[in-house]
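Novice: Generate coordinates for the sequence data below:
(4 chains)
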Protein chains: 2
Amino acid sequence: MTEQGPVPPRGGSAPVPRLPEATVARLPVYLRALHELSEDGRRTVSSHELAALVGGGSAKVRKDLSHLGTYGTRGVGYEVTELVGHISGVLGLTQHWSVVLVGVGNLGHALAGYGGFSARGFRVAALIDADPARAGEVIAGQPVRPLAELADAVAETGVSIGVIATPASAAQDVCDRLVAAGVTSILNFAPVVLQVPPGVDLRKVDLAVELQILSFHQHRRAAGAVDAVAEATA
Amino acid sequence: MTEQGPVPPRGGSAPVPRLPEATVARLPVYLRALHELSEDGRRTVSSHELAALVGGGSAKVRKDLSHLGTYGTRGVGYEVTELVGHISGVLGLTQHWSVVLVGVGNLGHALAGYGGFSARGFRVAALIDADPARAGEVIAGQPVRPLAELADAVAETGVSIGVIATPASAAQDVCDRLVAAGVTSILNFAPVVLQVPPGVDLRKVDLAVELQILSFHQHRRAAGAVDAVAEATA
DNA sequence: GTTTGTGAAAGGATTCACAGCA
DNA sequence: TGCTGTGAATCCTTTCACAAAC
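Specialist: Numbering: from 1, shown residues only, chains lettered A, B, ... in the order given. Now for the predicted structure:
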């Protein structure tokens, strides 16, 4: 096991630091807030201000940013444009990513047209659907291609990120095909737990699960009114 | 401050235990796996099996379930139908929840038609959109109503959960209106951090953020090949 | 005065490891 | 023998608090 020092500055062109997972999940949120500040013409921002914008504590913001090796100025704060560039670089957003989207049903259709992707540098480079009847249909400027062409599409467009928006029953098969085609990052919207080999990064978004979590809290509030009041007034 | 014992059995009809947040987030996933097992005719399941289905460790599964006060049988495992009933009860899924969906653009349209909601007992009871041109349009059997009718719609249908699928610029206003109308649980899909008063439960799903997190790992893998290999073979 | 950077403390969550029961 | 339930240990995250820097 090769022992590794903290935040090792390697010789390569892009020294990506080792970050806590919780920090990685917050960096995109900071980035969005910073973009807004930048558009408003702000030059600097304090950790308190940034914390208020993203809903957290200022100490958390400072610790997150300190992991980047980015340094603010004491008594002043952080330079907005510098931070934007730094976070973008760490997240790998200075390069553009191509995405293949599999499944253009209700949700997939919406994702294909979702402006938030292209705004963040993610280009939907290929659309795939298992339904032959949909092949050839053009969505958001992209033709829908049959499942059999998935590997070709991945190779042609050089995508490294796959998005699965198929029904649950098809998701594992699609996932396997994506992996076989060389995709190493997958975002899964299908309500099923997918198995991937090591080396493939898998994230999931489950809309129904989110509602069920809300349901729990709502239910608890109703059932245990005592605790709810205690929490609300805490 | 009223001291409270662990898992206090209160006198009310539904004694909802105090659960770790991480456990709450996994219960819906267990529930889905258990439903599948139940359909396959399985009577019992071990923590190892369940762990394999949801992708986790068996100890985690056992600890999660132990929080429920649910007891399995040593040497055998957990009874599937009993667990389903127990988790459903804790999550509050034995009652049906009505949801108001605000914003029927690309994403909102998809959500309105998403089968996963109704399958889990969530009914989209009202659709709202700020665009007057869309008022009257019928989506998934529901008429789209103007923003001005939001409070009325909430009152009429008795919803307690609101889903925001508007552009970022409109989200905070919609959020305020939902809160004013008495909604206490909100699921936000708009790429913006919302402010809510205490007592209101807010969750968010940000599609672009998920992609950016994937981007980070992909980028890191490419930039720091040494670490990537170390991880893959770990 | 203001604000950062960071050790130290506190709090959660996960994993380990094993006693106890069927 | 097989599997659960759970204290103990470990790891990760958040929060505190303050010295150092502007």
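Novice: quick one: residue A:94 and residue A:88 touch, right?
Specialist: Yes - between residue A:94 and residue A:88 a contact is recorded at 5.6 Å, counting by C-beta atoms under 8 Å. To be clear about C-beta, it is placed using only N, CA and C from the backbone, and glycine gets the same treatment.
Novice: More neighbours: those two, which one.
Specialist: Just comparing residue A:94 and residue A:88: by other C-beta atoms under 10 Å in any protein chain shown the higher neighbour count belongs to residue A:88, 20 against 12.
Novice: residue ranges of the strands in chain A, please?
Specialist: A:44-45, A:78-79, A:97-102, A:122-129, A:138-139, A:142-146, A:161-164, A:185-188, A:201-204 (DSSP state E).
Novice: so how far is the fifth one from its chain's centroid?
Specialist: Spelled out, it's strand A:138-139. Distance of strand A:138-139 from the chain centroid (C-alpha atoms, centre = their mean, to the nearest Å) equals 24 Å.
Novice: can you check the longest one too?
Specialist: With C-alpha atoms, centre = their mean as the basis, strand A:122-129 stands 16 Å off its chain's centre.
Novice: swap in the second one?
Specialist: Offset of strand A:78-79 from its chain centre (C-alpha atoms, centre = their mean): 24 Å.
Novice: And the contacts of it?
Specialist: If you take C-beta atoms under 8 Å, 6 or more residues apart in numbering or on different chains as the criterion, strand A:78-79 is touched by A:43-47, A:50, A:65, A:70, A:72-73.
Novice: Please see if it touches DNA strand C.
Specialist: Yes - against DNA strand C, strand A:78-79 shows contacts by C-beta under 7 Å from any atom of the strand at residue A:78.
Novice: Check what pLDDT the closest residue to DNA strand D within chain A gets.
Specialist: Residue nearest to DNA strand D within chain A (C-beta to the nearest atom of the strand): residue A:75, separated by 2.5 Å. On pLDDT, residue A:75 comes in at 97.
Novice: Is residue A:83 in contact with residue A:64, as I believe?
Specialist: No - judged on C-beta under 8 Å, residue A:83 makes no contact with residue A:64 at a distance of 11.0 Å.
Novice: what residues are shared contacts of these two?
Specialist: Among the neighbours of residue A:83, those also in contact with residue A:64 (C-beta under 8 Å, 6+ apart) are residue A:30.
Novice: How is chain A partitioned into domains?
Specialist: A:21-91, A:97-208 (automatic domain parsing).
Novice: roughly how far is the shortest one from the heart of the chain?
Specialist: Going back to what we said before, that points to domain A:21-91. 17 Å.
Novice: How far does it stretch from one end to the other?
Specialist: Its start and end residues considered, domain A:21-91 measures 12 Å (C-alpha to C-alpha, to the nearest Å).
Novice: re earlier: export the domains of chain A as a markdown table, with columns for distance to residue B:170.
Specialist: Below are the domains of chain A laid out as a markdown table (distance: least, C-beta to C-beta, whole Å):
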| stretch | distance to residue B:170 |
| --- | --- |
| domain A:21-91 | 15 |
| domain A:97-208 | 14 |
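Novice: on that earlier part again, pick the one among the contacts of strand A:78-79 closest to residue B:182.
Specialist: residue A:50 (32.1 Å; C-beta to C-beta).
Novice: Next, count neighbours for the residue nearest to that closest one when sequence neighbours are not counted.
Specialist: Closest residue to residue A:50 apart from its sequence neighbours, by C-beta to C-beta, 6 or more residues apart in numbering or on different chains: residue A:61 at 5.1 Å. For residue A:61, the neighbour count with other C-beta under 10 Å is 24.
Novice: Tell me how far residue A:61 lies from DNA strand C.
Specialist: 8 Å (C-beta to the nearest atom of the strand, to the nearest Å).
Novice: Now do the nearest residue to residue A:43 once chain neighbours are set aside against residue A:34, distance only.
Specialist: In this structure, residue A:43 finds its nearest non-sequential neighbour in residue A:80, 6.1 Å apart by C-beta to C-beta, 6+ apart. Using C-beta to C-beta, to the nearest Å, one gets 6 Å for the distance from residue A:80 to residue A:34.
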